[in-house]
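Chemist: attaching a predicted model along with its sequence, questions to come.
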Amino acid sequence: MKNFNPSDYLLLVIQDDTKNLKLLIHILEKIGYHVTFALSGSKAIKLLESVKPDLILLDLIMPEMSSLDVCKKIKANLNYEEIPIIFLSENQDVNFTIEAFESGAVDYITKPFNQSELLARVKTHLELQQARSQAIQASEFKTQFLATMSHEIRTPMNGVLGVTELLLNSDLDDRQFELVQTLKICGQNLLVIINDILDFSKLEAGEMSLDFSAFNLHAVIKDVIDLFSPESNSKGIKLNFHIGDNVPKQVQGDVTRLSQILSNLVNNAIKFTDSGEVSIDVEGYEEDYINLNQELITVFFSIKDTGIGISEEAQTRLFQPFVQVNEDNTSKYGGSGLGLAICKQLIQLMGGEIDFESKLGLGSHFWFRINFPIVNDDSPTNLSQDTLKEIIDFDYEFDCQIKILLVEDNPMIQTVIGGQLEIMGYEIYYANNGQECIDKLSQDEYDLVLMDCDLPVLDGYQATKIIREIEGDNRHTLIIGLTAYEKETVYQKCLEAGMDDYLSKLLSIEHFEMILKKWYKPQKNTNDNYTSNPLKSNLESSSNNLENNLEKKSLYSQVQINQPQSVKLLLAEDNKINQQVFTEQLKSLGYSVVCVSDGNECLEKLSEENYDLVFMDCGMPFLDGYDTTKFIRKREGNKSHTIIIGVTAYSMPGDREKCLVAGMDDYLSKPVLIEDLQNILEKWL
């Protein structure tokens, strides 16, 4: 903080007694303060319209308007609310003192006042105000720095990841594909570190805000399991999870930040565990319901591992930023040392708490709890089949009953997968091994068989080969392999055995939907009823493409490429590399695009011809995307409406709202992937 200099400050004295007024002015001006005055409260408020003092000295007894009312009125104005007010009073009554502070005063001095005390109190409050102003300026500078860094880092990352994605979808030999895929993984890891640094900085600056909405808590947990199951499988670690019956499905909160917390803790558990298991347990506690305007439940999340554990010394600094709990293992395990610090601050921001216990060499146990408002009206267990299908975004309706045979020896997995499919409205039957499956297929027809690959007595591969031999050319039952190992070699083994496709055992509605969409194409007969076996109708055309399913590129990406369309797209982007990336990404989706480099060029293009959709970079020079959009909306009026999608490299709170306020219809955050573009185009065109 800079040296205190009284001449840098203007003081306002509100005093109707001219004798006391002259004395105060003399004392204050003598040491260098600039002083102005008002003889009444109304005159003081009028004076504040033209000057803004750094501090106000307000006499208690004032004509026309009481000093308490004057103080309240000043504090009610946003332009003056931060000005410190000190009362001057002969009244030492405690009740008055309380009223003075409640009206907005920061201090009071009793008459007759001591000159040294007066000057000391004035100086103290001015220094506090100066420190506060500097802190606000520093916070604003930090916020601007974060926004700028976010933009500057994400802009080149958009080019790196975008070009990498394009290369992976091009014709590469095995070695080239492996190298480019490594490049993509490194780029994604770098982006994770960048996001961690930005998140931590936003939390430290108080700029992190939560986005509350209703979401399916069970789906979030299962998505995290799906995300990390390949890594746990590759390490030979068993990944267990359990969701208690008392955990509601529909709650309200920030789903993105909850996923971030769970992902970080589960990732750490797997990363620091070389053998054994990682268990995720989620429970709800009804006794902690709080009867407010909305019913709350405390949800307890537990992540336990059998990993390397944490020493007692390292435990004391576990949640400190940029700290590795074991410096010797930093090179082995990597990481920025920010994950747990971010988790703790996010959980506290949500009103929860986190704790842990650990023993070196035996493993660690992290747990946290958060209170969630319950969304009672949307509980999935009470949904009709039609409503559930709408939620999971099926593009078609099931007007026929599909019979599914689930071949699985583990009773828990039978319950989990079977329960999910029953909720979706399917008719589920069970077999405990390959031989039982063959026996059931000999007695009845099934539209779909979900075949666990690792079965006792007769495994899924052998059972499938026998089924295909029995069926010959006369029949083809759709068989989807279920495996805990999502690897290309496993996929090939499934297809070689005669299976049509495969799914992870950690089945989610979304994954099953993708498979069903791939194999199920309803066809109507003359009576407008679906065929008795709708899955079978798609097998012949699909069987010719099974060899193509072995290609690495189809394994790498699920993106569905559109056919070339007559859609006119305009891209406003000043970065030439990003122009090239966007152009190639859109080209891979079947679209062509016209590129301009700034807002003025964008306005000129739109004045020359109409475009169906505009991708508008928000951070362009000369005329940025926000102002360009405002000009477009003003020019269009109510006569037309061009779809404008904001593209921003910023990741600060309020960026989305800023796009919408400017008149944009939606926005994308860099780096932008092909799937992001496809989703936004399907949404708006």
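Modeler: Cool, got the structure. Worth saying up front: this structure is predicted, and the values here are computed from it rather than measured.
Chemist: surely Ser259 is in contact with Ile221?
Modeler: No - between Ser259 and Ile221 no contact is recorded; they are 9.3 Å apart, counting by C-beta atoms under 8 Å. Heads up, the C-betas are built off the backbone N, CA and C, glycines and all.
Chemist: who has more neighbours, the two?
Modeler: The residue with more neighbours, out of Ser259 and Ile221, is Ile221; 21 against 16, by other C-beta atoms under 10 Å.
Chemist: tell me the pLDDT of that one.
Modeler: Ile221 carries a pLDDT value of 90.
Chemist: just checking, what packs against the helix or strand where it lies?
Modeler: Per DSSP states H and E, Ile221 falls inside helix 217-235. Contact partners of helix 217-235 among helices and strands, from 3 or more C-beta pairs under 8 Å, 6 or more residues apart in numbering; DSSP states H and E: strand 238-243, helix 255-271, strand 277-285.
Chemist: check which element follows the shortest one along the chain.
Modeler: Right, strand 238-243. strand 250-253.
Chemist: how far off centre is that next one?
Modeler: Centroid separation for strand 250-253 versus its chain: 14 Å, with C-alpha atoms, centre = their mean, to the nearest Å.
Chemist: and stretch 590-608, by the same measure?
Modeler: Stretch 590-608 sits 31 Å away from the centroid of its parent chain (C-alpha atoms, centre = their mean).
Chemist: returning to that earlier point: with only the CA atoms kept, save the helix holding Ile221 in CSV.
Modeler: Extracted in CSV, the C-alpha atoms of helix 217-235 (Å, rounded to 0.1, in the frame of the first residue of the first chain):
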residue,chain,number,x,y,z
LEU,A,217,-27.7,-38.0,-10.0
HIS,A,218,-27.6,-41.8,-10.7
ALA,A,219,-26.7,-41.0,-14.4
VAL,A,220,-23.8,-38.7,-13.3
ILE,A,221,-22.3,-41.4,-11.1
LYS,A,222,-22.6,-44.1,-13.8
ASP,A,223,-21.1,-41.7,-16.4
VAL,A,224,-18.0,-41.3,-14.2
ILE,A,225,-17.8,-45.1,-13.8
ASP,A,226,-18.1,-45.4,-17.6
LEU,A,227,-15.3,-42.8,-18.1
PHE,A,228,-12.8,-44.6,-15.9
SER,A,229,-13.6,-48.2,-16.5
PRO,A,230,-11.2,-48.6,-19.5
GLU,A,231,-8.3,-47.3,-17.4
SER,A,232,-9.1,-49.5,-14.4
ASN,A,233,-9.5,-52.5,-16.7
SER,A,234,-6.1,-51.8,-18.4
LYS,A,235,-4.5,-51.8,-14.9
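Chemist: show me what counts as buried in that helix.
Modeler: 217-226, 228-230, 232-233 (16 or more other C-beta atoms under 10 Å).
Chemist: tell me which of these is nearest to Ser40?
Modeler: Leu217 (60.8 Å; C-beta to C-beta).
Chemist: now do the nearest residue to the closest one once chain neighbours are set aside: how many residues are near it, please.
Modeler: Nearest residue to Leu217, sequence neighbours excluded (C-beta to C-beta, 6 or more residues apart in numbering): Val251, at 5.0 Å. By other C-beta under 10 Å, 25 other residues sit near Val251.
Chemist: check what pLDDT Val251 gets.
Modeler: Model confidence at Val251 (pLDDT) stands at 89.
Chemist: which residues touch it?
Modeler: Counting by C-beta atoms under 8 Å, 6 or more residues apart in numbering, Val251 makes contact with Ala214, Phe215, Leu217, Ile297, Val299, Phe372, Pro373, Ile374, Val375.
Chemist: quick one, which of those residues are buried?
Modeler: Buried by 16+ other C-beta under 10 Å: Phe215, Leu217, Ile297, Val299, Phe372, Pro373, Ile374, Val375, out of the contacts of Val251.
Chemist: the third one and Gln260: what is the separation?
Modeler: Using C-beta to C-beta, to the nearest Å, Ile297 is found at 21 Å from Gln260.
Chemist: residue nearest the centroid of the chain?
Modeler: Nearest to the geometric centre of the chain sits Thr256, at 3.1 Å (C-alpha atoms, centre = their mean).
Chemist: now that residue, nearest residue through space, not along the chain?
Modeler: Closest residue in space to Thr256, ignoring its immediate chain neighbours: Asp211 at 6.7 Å, by C-beta to C-beta, 6+ apart.
Chemist: what residues are up against that neighbour?
Modeler: By C-beta under 8 Å, 6+ apart, the residues touching Asp211 are Asp254, Thr256, Arg257.
Chemist: nearest to Gly162, of these?
Modeler: Closest approach to Gly162 among the contacts of Asp211 (C-beta to C-beta): Thr256, at 22.4 Å.
Chemist: what's the next secondary structure element after whichever helix in the chain runs longest?
Modeler: When the chain is parsed with DSSP state H, its longest helix is helix 115-168. Beyond helix 115-168 on the C-terminal side, the first helix or strand identified by DSSP H and E is helix 174-204.
Chemist: name the helices or strands packed onto that next one?
Modeler: Applying 3+ C-beta pairs under 8 Å, 6+ apart, one finds that helix 174-204 contacts helix 115-168, helix 339-349, helix 552-556.
Chemist: can you dump the C-alpha coordinates of the helix or strand following the last one into CSV?
Modeler: Put plainly, it is helix 552-556. Following helix 552-556 in sequence order, the next helix or strand is strand 569-572 (DSSP H and E). Provided in CSV are the C-alpha atoms of strand 569-572 (Å, rounded to 0.1, in the frame of the first residue of the first chain):
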residue,chain,number,x,y,z
LEU,A,569,-22.6,-21.0,-43.3
LEU,A,570,-20.5,-17.9,-42.4
LEU,A,571,-17.6,-18.0,-40.0
ALA,A,572,-16.3,-14.7,-38.5
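Chemist: moving C-terminal from strand 569-572, which element do we reach first?
Modeler: The helix or strand immediately downstream of strand 569-572 is helix 576-588, counting by DSSP H and E.
Chemist: buried residues in that next one?
Modeler: Buried, per 16+ other C-beta under 10 Å, within helix 576-588: Asn578, Gln579, Gln580, Val581, Phe582, Thr583, Glu584, Gln585, Leu586, Ser588.
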